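Chemist: Here is my input, please return the structure:
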Amino acid sequence: MAIFEGAGVALVTPFKENGEVNYGKLEELVEFQIAGGTDSIIACGTTGEASTMTHEEHLEVVRFVCEVTKKRVPVIAGTGSNCTDTAVYLSKEAEKHGADGLLLVSPYYNKATQNGLKAHFKAVADQVKIPILLYNIPGRTGINIAPETIADLCRNVSNIVGVKEASGNFTAIADLMNYSDGCADVYSGNDDQIVPLLSLGGKGVISVLSNIAPAQTHEICEAYFKGDVKRSASLQIAAIPLINALFCEVNPIPVKAALNLMGMNAGPMRLPLTEMEPQNQERLKKTMKEYGIL
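Modeler: Residues are numbered from 1 along each chain as shown. A predicted model of the protein is given here:
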């Protein structure tokens, strides 16, 4: 069974000016997402700046999001690491804190073999009962999870159920759909490729765009699943300028700037990420106005 179908938000983590997690604003962001029809909340992923959090902060954010959400939508905790023991620890603790599923990025920097990836993901899966999505984003990690590897894990490890695919390689995604024969739930990790991935049998998207446009991102998926492919494609195309602006600097710099422009006070980034360049912020502001959310 899929953890969710539709648009899941890769939620930002709001910080105060002193760098602490802003839990009051985090609650507001969760409620904004649920009110907008978001189908799942992904806490402490790339967009949530988990890489700059201590383990204690990371797990407290997961616990807090689960508490606020109250099972109204599934919460998926990002618990990946390039250290298998760390990934096991974070995953077990996230399960205890109420997460409905886990998102495990491929081990970055180490550059494991495909057999090493299988062993890593299986070691985590063996220690938890909740479902797991793999996260394939070779542009950040330096390693690609091969379609055959994803299919093998989804077929042979009961609680590895799918993948967030952010490689942008549609030949590989088509191969994965072929190899997995329906046993892998595939989500787009790229907001500009939602409809193309749905057309291959995908379950939805894990979205940055949803942070600022939850209803619109949800509707892209909903229209497709209702059979109105023309409307879904039209909504996807209409969002392209905004999506491009959201990725004109490294994520999550632009989306946090966008939330701040909307008055939602997501706060600053943690170093090494820095504030958005002024000319790019003007571009973002312009596209947000044209899209009708500012």
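
Chemist: Tally up the residues packed near the spatially closest residue to Gly19 that is not a sequence neighbour, please.
Modeler: Counting by C-beta to C-beta, 6 or more residues apart in numbering, Gly19 lies nearest to Arg270, which is 6.2 Å off, once chain neighbours are set aside. C-beta coordinates here come from the backbone N, C-alpha and C atoms, glycine included. Counted by other C-beta atoms under 10 Å, the residues lying close to Arg270 total 14.

Chemist: List the residues that contact Arg270.
Modeler: Phe15, Gly19, Glu49, Thr52 (C-beta atoms under 8 Å, 6 or more residues apart in numbering).

Chemist: Mark which of those are part of helices, please.
Modeler: Using DSSP state H to define helices, no part of the contacts of Arg270 is located there.

Chemist: what's the helix or strand for the residue nearest to Gly19?
Modeler: Taking DSSP states H and E as the definition, Arg270 sits outside all helices and strands.

Chemist: what about it, distance to Val65?
Modeler: As judged by C-beta to C-beta, to the nearest Å, Arg270 and Val65 stand 18 Å apart.

Chemist: before we move on, the earlier item: among the contacts of Arg270, who's most crowded?
Modeler: Top of the contacts of Arg270 by neighbour count (other C-beta under 10 Å): Glu49, with 23 neighbours.

Chemist: thinking that one is in contact with Pro252, fair?
Modeler: Yes. If you go by C-beta atoms under 8 Å, Glu49 and Pro252 touch, sitting 6.6 Å apart.

Chemist: which residues do these two both contact?
Modeler: With C-beta under 8 Å, 6+ apart, Glu49 and Pro252 have common neighbours Val12, Met269, Leu273.

Chemist: From Asn244, how far out is the last one?
Modeler: Leu273 sits at a distance of 19 Å from Asn244 (criterion: C-beta to C-beta).

Chemist: mind checking how far the helix or strand of the chain with the lowest mean pLDDT is from the chain centre?
Modeler: Using mean pLDDT, DSSP states H and E, helix 138-141 stands out as the lowest-scoring helix or strand of the chain, at a mean of 94. Relative to its parent chain, helix 138-141 has a centroid offset of 14 Å by C-alpha atoms, centre = their mean, to the nearest Å.

Chemist: Likewise for stretch 226-233?
Modeler: That offset, for stretch 226-233, works out to 23 Å (C-alpha atoms, centre = their mean).

Chemist: for stretch 241-261, same thing?
Modeler: Using C-alpha atoms, centre = their mean, the distance between the centre of stretch 241-261 and that of its chain works out at 15 Å.

Chemist: Give me the contact list for it.
Modeler: 12, 14, 29, 46-49, 191-192, 208-209, 211-213, 265-269, 273-277, 280-281, 283-285, 287-288, 290-291, 293-294.

Chemist: I'd like to know which of the residues you listed are buried.
Modeler: For the contacts of stretch 241-261, a burial check counting by 16 or more other C-beta atoms under 10 Å picks out 12, 14, 29, 46-49, 191-192, 208-209, 211-213, 266-269, 273, 276, 281, 283-284, 287-288, 291.

Chemist: got the buried residues for stretch 52-60?
Modeler: Thr52, Met53, Glu57, His58, Leu59, Glu60.

Chemist: What of stretch 18-31?
Modeler: So, applying 16+ other C-beta under 10 Å, buried residues of stretch 18-31: Val21, Asn22, Tyr23, Lys25, Leu26, Glu27, Glu28, Leu29, Val30.

Chemist: The fifth one contacts Arg63, doesn't it?
Modeler: No. Taking contact to mean C-beta under 8 Å, the distance of 11.3 Å between Leu26 and Arg63 leaves them out of contact.
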